[in-house]
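S.K.: Coordinates for the following, if possible.
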Amino acid sequence: MNKLSIITSIAFIATLVSCDEVKRKPNNVYMPDMAYSRAYETYADHSNLAEQGINYNNQPVAGTIARGEEMPFPLAKDKAGDTANYVAAKQIKSPVDSLTKAEYTETERLYLVNCGICHGPKLDGNGPLYKGGEGPYPAKPATLVGDAKYEAMPEGQMFYSVMYGKNLMGSYASQLNRKQRWQIIRYIKLKQAANKPTAADATAKN
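M.R.: Model prediction:
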């Protein structure tokens, strides 16, 4: 028997032996729930999971942030009649302290689409819904530029109002993500700053 025949014979015998001892079940597994996860459809009935010893509540882990939902806002919406979180929002600073040229252009577009209809393209509260008192909305929306109250409003309170709504203004949480809300607030603050008289203007008037 030549060398090639011997090698072929050994390989054939090894194959037969290995096929005969194929394991159909695993040995002891460390943390089997991690190795063999039990998948459940998101909207399926999960009412019987507790009976099976499975702790599943369909909620994200506390403190985690979903992809694309950066810049979390730590305050929840106040309950009816309460203003504690709205007041606390004064202390929250915007994570967006500047806008690039491209960001400014896009943010201005977002403002006009979502906010301009009420607060006006010039941020003077004279949008199409008010239209100098001739529009369908009887009460003039907030004058964001030119009204000391809103020019002095902290960024955090503005964000709270955009996220949860305030008075007659509804929430825009479904229309704008967190970053877009902060960018719009930065856009408003830039417009407010541009409208304030400078020292040179004051000197010229005197």
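S.K.: Look up the pLDDT of residue 57 for me, please.
M.R.: Looking at residue 57, its pLDDT stands at 71.
S.K.: I'd like the numbering to begin with 52 instead of 1 from here.
M.R.: With 52 as the first residue, the last one maps to residue 108.
S.K.: How many neighbouring residues does it have?
M.R.: By other Cβ atoms under 10 Å, the residues close to residue 108 number 8. Where C-beta positions appear, they are placed from N, C-alpha and C, glycine not excepted.
S.K.: for the one 3 residues further on, same thing?
M.R.: Under the neighbour criterion other Cβ under 10 Å, residue 111 is assigned a count of 9.
S.K.: What strand or helix carries it?
M.R.: Secondary-structure assignment from DSSP states H and E places residue 111 in no helical or strand segment.
S.K.: so how far is residue 167 from it?
M.R.: Residue 111 sits 34 Å away from residue 167, going by Cβ to Cβ, to the nearest Å.
S.K.: and if you look at residue 81?
M.R.: Per Cβ to Cβ, residue 81 is found 59 Å from residue 167.
S.K.: So for those two, which sits in the more crowded spot?
M.R.: For the pair residue 81 and residue 167, the greater number of neighbours falls to residue 167 (18 against 6), based on other Cβ under 10 Å.
S.K.: pretty sure the more buried one is in contact with residue 180, am I right?
M.R.: No - in this structure residue 167 lies outside contact range of residue 180 using Cβ atoms under 8 Å: 9.9 Å.
S.K.: Leaving out sequence neighbours, find the closest residue to the residue positioned nearest the centre of the chain.
M.R.: Nearest to the geometric centre of the chain sits residue 120, at 3.4 Å (Cα atoms, centre = their mean). Setting aside the residues directly before and after it, residue 120 is nearest to residue 229 in space (Cβ to Cβ, 6 or more residues apart in numbering), at 6.3 Å.
S.K.: Would you mind identifying the helix or strand in this protein with the lowest mean pLDDT?
M.R.: Considering only helices and strands, the least confidently modelled element of the chain by mean pLDDT, DSSP states H and E is helix 250-256, at a mean of 51.
S.K.: just the strands in the chain please.
M.R.: Taking DSSP state E as the test, none of the chain falls into strands.
S.K.: circling back: wait, the residue nearest to the centre of the chain touches residue 232, no?
M.R.: No - using Cβ under 8 Å, residue 120 is not in contact with residue 232; the gap is 11.6 Å.
S.K.: how far is stretch 156-165 from where the chain is centred?
M.R.: Taking the mean C-alpha point of stretch 156-165 and that of its whole chain, the gap between them comes to 18 Å (Cα atoms, centre = their mean, to the nearest Å).
S.K.: Sort out which residues of it are buried, please.
M.R.: Buried residues in stretch 156-165, defined by neighbour count with 16 or more other Cβ atoms under 10 Å: 158-159, 161-162, 165.
S.K.: cool, stretch 237-246 as well?
M.R.: Buried residues in stretch 237-246, counting neighbours by 16+ other Cβ under 10 Å, are found at 237-240, 242-243.
S.K.: Could you do stretch 127-146 as well?
M.R.: 129, 136-137, 140, 143, 145.
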